[in-house]
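Here is my input; please provide its structure:
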Amino acid sequence: MGTPDFAATCLSRLIVFASECGHEVVAAFSQPDKKSGRGLKITPTPVREIAEKHGVPVYQPATLRDGEALQTLQNLAPDLLIVVAYGRILPREILELPPLGCVNIHASLLPKFRGSAPIQRAVLNGESVTGVTAMYMAEELDAGDIIAARETAIADGETSGELFARLAPLGAELLCETIAAIADGTAKRTPQNSAEATFAPPLSKAESPVDFTKPARELANQINGLDPWPAATVEFDGGQIKLFGASVSGNILAIREVQAPGGRRMALRDFLRGHPDFAGVIR
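Presented below is the predicted three-dimensional model:
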């Protein structure tokens, strides 16, 4: 059960792993497709695309609480449910359905950064280390018993988008290791310490405006944490310029790319050639 690219990476690896180990991915659940792009065309979710490519049946219920999704799952009779960035809260009757439980791959080192934006919040917060956690799901959000975790350093200047790309395969491998441990009965259960929990609420465009009176490191965290969406912004020439990718040398902030309204992303130095006054805005 998953929706975005992060979940699709896990599903791709899971399908291969399952075929190697004699398991079967009986179905994939994803959120309904949405309109996107300038033409507002209906775009399949990344998980749906991967599932259909491999012949895995796909279900996209609008809700999990009307009994229909539960009936579908009862008919499928899965031994184990895997949830990765699905974007839905599973009701108790679904959590209790599979005999081996429901396992979630979460993109943080729990109990830190429970919630929907753990990767971005880690970067925004200036964390030096993050990772992925496999846990048994509980009714409380991201509060279930931990099975295993893998950590990785956050590189200086690394954006949320770049960190997403690194954590997805790490999560996929952890998922396969977790399934193997559950299958042979060696999976551990370590309760989380809720007193140490922090939370990662969804991002908002209200977080985008940049205040260049703040320290360079704080600005870099903001720019990198909001890259690629919703992007840090600064007012210039009657519009909002988006800022992407930042690093700090000494106390100097270096911005890699910008994007003017209606334009494409480009290197800051190229933008400054046509808009030299912008240099005064970002100092």
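
can you give me the helices for this protein?
Applying DSSP state H to the chain gives helices spanning 5-21, 46-53, 68-76, 92-95, 118-124, 160-183, 216-225, 268-274, 278-281.

Just the residues contacting the last one, thanks.
This points to helix 278-281. 212, 234, 235, 236, 241, 258, 271, 272 (Cβ atoms under 8 Å, 6 or more residues apart in numbering). Backbone N, C-alpha and C define where each C-beta goes, glycine included.

Could you export those as CSV, including neighbour count, distance to residue 283 and pLDDT?
Supplementary listing: those in CSV, determined by neighbours: other Cβ atoms under 10 Å; distance: Cβ to Cβ, whole Å; pLDDT from 0 to 100:
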residue, neighbour count, distance to residue 283, pLDDT
212, 11, 7, 95
234, 19, 11, 98
235, 11, 14, 97
236, 18, 13, 96
241, 23, 14, 98
258, 26, 14, 98
271, 21, 15, 97
272, 14, 12, 96
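
Dump those residues into JSON lines; add distance to residue 129 as well.
Output for the contacts of helix 278-281, formatted as JSON lines (distance: Cβ to Cβ, whole Å):
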{"residue": "212", "distance to residue 129": "28"}
{"residue": "234", "distance to residue 129": "30"}
{"residue": "235", "distance to residue 129": "35"}
{"residue": "236", "distance to residue 129": "35"}
{"residue": "241", "distance to residue 129": "32"}
{"residue": "258", "distance to residue 129": "29"}
{"residue": "271", "distance to residue 129": "33"}
{"residue": "272", "distance to residue 129": "35"}
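
Make a markdown table from the helices of the chain and add distance to residue 200 to it.
Compiled in a markdown table, these are given as follows (distance: least, Cβ to Cβ, whole Å):
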| stretch | distance to residue 200 |
| --- | --- |
| helix 5-21 | 14 |
| helix 46-53 | 21 |
| helix 68-76 | 26 |
| helix 92-95 | 21 |
| helix 118-124 | 4 |
| helix 160-183 | 11 |
| helix 216-225 | 11 |
| helix 268-274 | 29 |
| helix 278-281 | 30 |
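
Tell me which of those is the most buried.
Stretch with highest mean neighbour count among the helices of the chain: helix 118-124 (a mean of 25; mean count of other Cβ atoms under 10 Å).

With just CA atoms, put that helix into PDB.
Provided in PDB are the C-alpha atoms of helix 118-124 (Å, rounded to 0.1, in the frame of the first residue of the first chain):
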ATOM      1  CA  PRO A 118      10.100  13.200   7.700                       C
ATOM      2  CA  ILE A 119      12.700  13.700   5.000                       C
ATOM      3  CA  GLN A 120      12.000  17.400   4.500                       C
ATOM      4  CA  ARG A 121      11.800  18.100   8.300                       C
ATOM      5  CA  ALA A 122      15.100  16.400   8.900                       C
ATOM      6  CA  VAL A 123      16.800  18.700   6.300                       C
ATOM      7  CA  LEU A 124      14.900  21.800   7.600                       C
END
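
All good on my end, thank you.
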